[in-house]
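[1] dropping a prediction and its sequence here:
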Amino acid sequence: DTGVSQNPRHKITKRGQNVTFRCDPISEHNRLYWYRQTLGQGPEFLTYFQNEAQLEKSRLLSDRFSAERPKGSFSTLEIQRTEQGDSAMYLCASSFGGPGELFFGEGSRLTVL
Amino acid sequence: AQSVTQLGSHVSVSEGALVLLRCNYSSSVPPYLFWYVQYPNQGLQLLLKYTSAATLVKGINGFEAEFKKSETSFHLTKPSAHMSDAAEYFCAVEGEYGNKLVFGAGTILRVKS
């Protein structure tokens, strides 16, 4: 059973650069979620997809952030013109149907210098 | 809006002692509640969930939680702590439209030998 896979696991970048994270969900799961986690905080919701449709975006997701899920399979989260405040762990999760049981990947840690 | 509050960012218990991690929720609709665990360098995984059936919910690894509507609580317990229980635990409530999970800030459990 292949779980949720995220790449890269770690990314160090300079302020102002663009970064992209990829998430491969469990194959039969139709919902895909992106969360952000900073030190001492729980995961904060960013956005979710049902199949290829992006159904909700958090206010945390500024216009520098964009997420896609072409063909309802893998998803990418791009951050443009990174800022130091973007440094965090970006978590991807998938589920079948409602949010119920989310299956999380190990996360992609972003450090912006 | 849905929210959860976890009382105590760090809890320390001796091996073999009772584990009690506290979670209080706020919900505008009958809540679905969850406990997730995150071991170091691993993704979050579901411990247990309450979905309006039995108020006492049993999960993996000997954990259980009791839903108390009058106290708006969903505390996590385990009768006897094991060293392998050391991890961070997150309480979560389903969003009011059933579209996402809202997480608490987490509680780090330390188990002393």
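    That came in fine, so what should we check first? Numbering: from 1, shown residues only, chains lettered A, B, ... in the order given.

[2] going forward, measure contacts between C-alpha atoms and count neighbours the same way
    Noted.

[3] secondary structure class for A:Thr76?
    Counting by DSSP: H, G, I helix; E, B strand; the rest coil, the backbone at A:Thr76 sits in strand.

[4] what's across from it in the sheet?
    According to DSSP bridges, the partner residues bridging A:Thr76 are A:Arg22, A:Glu68.

[5] and for A:Ser108?
    Applying DSSP bridges, one finds that A:Ser108 bridges with A:Tyr90.

[6] my guess is B:Tyr89 meets B:Arg110, correct?
    No. Taking CA atoms under 8 Å as the definition, B:Tyr89 is not a contact partner of B:Arg110, at 11.0 Å.

[7] mind listing what the residue most central in space within chain A touches?
    Centroid-nearest residue in chain A, with CA atoms, centre = their mean: A:Trp34, separated by 3.5 Å. A:Trp34 sits next to A:45-48, A:90-93 when contact means CA atoms under 8 Å, 6 or more residues apart in numbering or on different chains.

[8] got the residues of chain A near chain B?
    By CA under 8 Å from any CA of the partner chain, the residues of chain A that approach chain B are A:40-45, A:48, A:98-107.

[9] hmm, which of those are the buried ones?
    The neighbour-count criterion (16 or more other CA atoms under 10 Å in any protein chain shown) marks A:42-45, A:48, A:98-107 among the residues of chain A next to chain B as buried.

[10] any weak-confidence spans in chain A?
    By pLDDT under 70, the low-scoring segments of chain A are A:1, A:98-99.

[11] tell me the phi and psi of the closest residue to B:Glu66 other than its chain neighbours?
    Nearest residue to B:Glu66, sequence neighbours excluded (CA to CA, 6 or more residues apart in numbering or on different chains): B:Leu56, at 4.4 Å. The phi and psi values for B:Leu56, taken as degrees, to the nearest 10, are phi -100, psi 120.

[12] ok, back up a step: make CSV out of the contacts of A:Trp34 and add secondary structure.
    Converted to CSV, these look like this (three-state DSSP):
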residue, secondary structure
A:Phe45, strand
A:Leu46, strand
A:Thr47, strand
A:Tyr48, strand
A:Tyr90, strand
A:Leu91, strand
A:Cys92, strand
A:Ala93, strand
